[in-house]
Structure formats: C-alpha cells, structure tokens
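K.L.:
sequence and predicted structure, then a few things I'm wondering about:
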Amino acid sequence: MTAETASEVQARVLGVILAGGLSRRMEGTEKSLMELAGKPLITHVRDRLAPQVARLIVNANGDAARFDFLGLPAVADTIPHHAGPLAGILAGMRWAEAQTPDLRFIATAATDTPFFPADFVARLASASGFAQDRIALATSGGYRHPVFGLWPVALANDLETFLNSGQGGKVMRFVERHRLTEVDFDLLLADGGPMDPFFNVNTPEEFERARRLAPEAVHAG
C-alpha cells in the first residue's frame with residue numbers, strides 16, 4: 001500500500017468499542033460507566049477513537065439503552081454465552097457487512113483503556129498495508145494488546161467458524177491462524193513516571209490510578 005494520509009485511512013475503517021465484558025473485578029459496577037475526569041470511561045474511548053475512523057459503534061450486551069448517551073449504534077454479540085472479545089469483533093464485522101459494506105476493516109478498542117494513542121489506527125493500517133488476510137495488533141512495553149487491532153472484515157466467516165468450533169475464545173488462538181503485523185507504541189510519561197498508553201482499568205485500584213493519570217494522560221498520545 002502506498003502511504004495514505006490519516007483521513008484516507010479513516011475513510012476505510014469502522015471503529016468498534018468493545019464493551020461486552022462482565023466487569024467481574026469491579027465489585028459489580030459496570031466499569032465503562034464509571035466517571036473519570038468528569039465523564040464516563042467509555043466516553044473517553046469514544047472521543048479517542050471517533051476521529052480515527054469513518055463510523056463508530058459500541059459492542060454491548062444486555063440493555064443497549066444504557067449507552068444511548070454515546071449517540072452510537074449498540075451492537076450485541078452474535079455468538080451466545082459471552083464468548084469474549086472475539087465475539088465482539090465478529091459482531092463488528094457482521095455489522096460492517098450489513099450496514100457499511102464500503103468499510104472493509106474494523107479497528108477495535110477496549111472500553112477500559114482511556115488513554116490509547118490518537119494515531120493507533122493510522123499506524124496499524126500503515127504497517128499492515130490494508131491486506132485482506134493480515135491482522136494488525138498494537139504492542140507496548142513488551143506486551144501485546146490483542147483487543148487493539150485492525151481486522152479485515154473478510155475474516156468474518158473464519159472467525160465465526162472458529163468461535164463455533166469449541167476451540168475457545170482466546171484472541172491470539174484465532175490470530176495465529178492468519179498473518180500478523182505488530183506495531184509497537186512508545187511508553188508515555190505521566191504521574192512522575194512511565195505509563196503504558198494501553199493502560200487498562202480492571203480493578204478499583206487501577207481505576208484510582210486512572211484518576212491520578214487522567215489530568216496528564218487524556219491529552220497525551
């Protein structure tokens with residue numbers, strides 16, 4: 001692929017916020033709706049991802065009305081029994097096929113990761129060349145972030161077959177069936193030390209750290 005501008009990349013991608021998790025470690029609170037720096041956590045993710053993509057949806061199970069304030073289509077898993085992030089990725093692919101057939105790639109972001117890079121979609125697209133058989137994933141600080149990826153919609157049928165095969169819903173188990181490009185992102189400086197831009201909130205303790213980081217990190221990346 002020749003070099004494309006950020007706007008040209010944006011025009012080819014559907015963004016999917018993955019909010020279908022169960023928040024097991026947040027003491028019964030749905031973490032995506034917890035307020036961080038004056039707005040729900042998921043709103044930070046929406047505002048971070050929306051400028052990077054042509055359209056944006058949220059993958060969420062249960063009562064979709066709780067996300068009405070986002071002004072986004074809410075799309076439930078098409079695979080039952082909370083099959084994990086891959087089920088949300090498949091739901092995004094199927095929505096793209098039906099609603100935005102001109103958008104042949106989806107970019108996924110987790111609802112609990114409010115400080116991810118503002119150029120992550122463009123960088124994944126540049127590295128992968130928008131190849132129809134290649135998945136691109138973000139890495140940072142020696143860690144892979146499987147839910148921050150660029151996924152060809154052309155892989156939807158294979159993903160559905162995989163999820164229905166009983167092999168389990170581990171993201172990397174599916175990714176390893178295909179060509180993979182990884183893109184490494186630098187650590188940031190916040191709260192007096194290094195911060196992973198893909199820092200995610202899983203526990204009350206991590207949420208408190210996000211509160212400390214927010215004044216610096218929401219404008220970083």
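P.N.:
Perfect, thanks for sending it. Residues are numbered from 1 along each chain as shown.

K.L.:
next SSE after the longest strand anywhere in the chain?
P.N.:
The longest strand of the chain (DSSP state E) is strand 143-152. Later in the chain than strand 143-152, the nearest helix or strand by DSSP states H and E is helix 156-163.

K.L.:
list the buried residues for that next one?
P.N.:
156, 159-160, 162-163 (16 or more other Cβ atoms under 10 Å). Where you see a C-beta, it was placed from the backbone N, CA and C, and this is true even at glycine.

K.L.:
quick revisit: tell me which other helices or strands the longest strand of the chain touches.
P.N.:
helix 85-99, strand 105-110, helix 120-128, strand 134-140, helix 171-175 (3 or more Cβ pairs under 8 Å, 6 or more residues apart in numbering; DSSP states H and E).

K.L.:
list the neighbouring strands of that strand plus their orientation.
P.N.:
As defined by DSSP bridges, the strand partners of strand 143-152 come to strand 105-110 (antiparallel), strand 134-140 (antiparallel).

K.L.:
can you show me the CA trace of the shortest one as CSV?
P.N.:
Once side chains and other backbone atoms are set aside, the C-alpha atoms of strand 105-110 remain, and they are given as CSV (Å, rounded to 0.1, in the frame of the first residue of the first chain):
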residue,chain,number,x,y,z
PHE,A,105,-11.7,-3.1,8.1
ILE,A,106,-12.7,-2.7,11.7
ALA,A,107,-10.5,-1.1,14.4
THR,A,108,-11.2,-2.3,17.9
ALA,A,109,-10.6,-0.6,21.2
ALA,A,110,-11.4,-1.7,24.8
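
K.L.:
so what's the residue count around the residue lying closest to Arg173 once chain neighbours are set aside?
P.N.:
If the residues on either side of it in the chain are set aside, Arg173 comes closest to Gln167, at 6.3 Å by Cβ to Cβ, 6 or more residues apart in numbering. Look at Gln167: counted by other Cβ atoms under 10 Å, it has 12 neighbours.

K.L.:
any idea how far Gln167 is from Ser7?
P.N.:
To Ser7, Gln167 is 39 Å away according to Cβ to Cβ, to the nearest Å.

K.L.:
Asn202 now?
P.N.:
Asn202 sits 34 Å away from Ser7, going by Cβ to Cβ.
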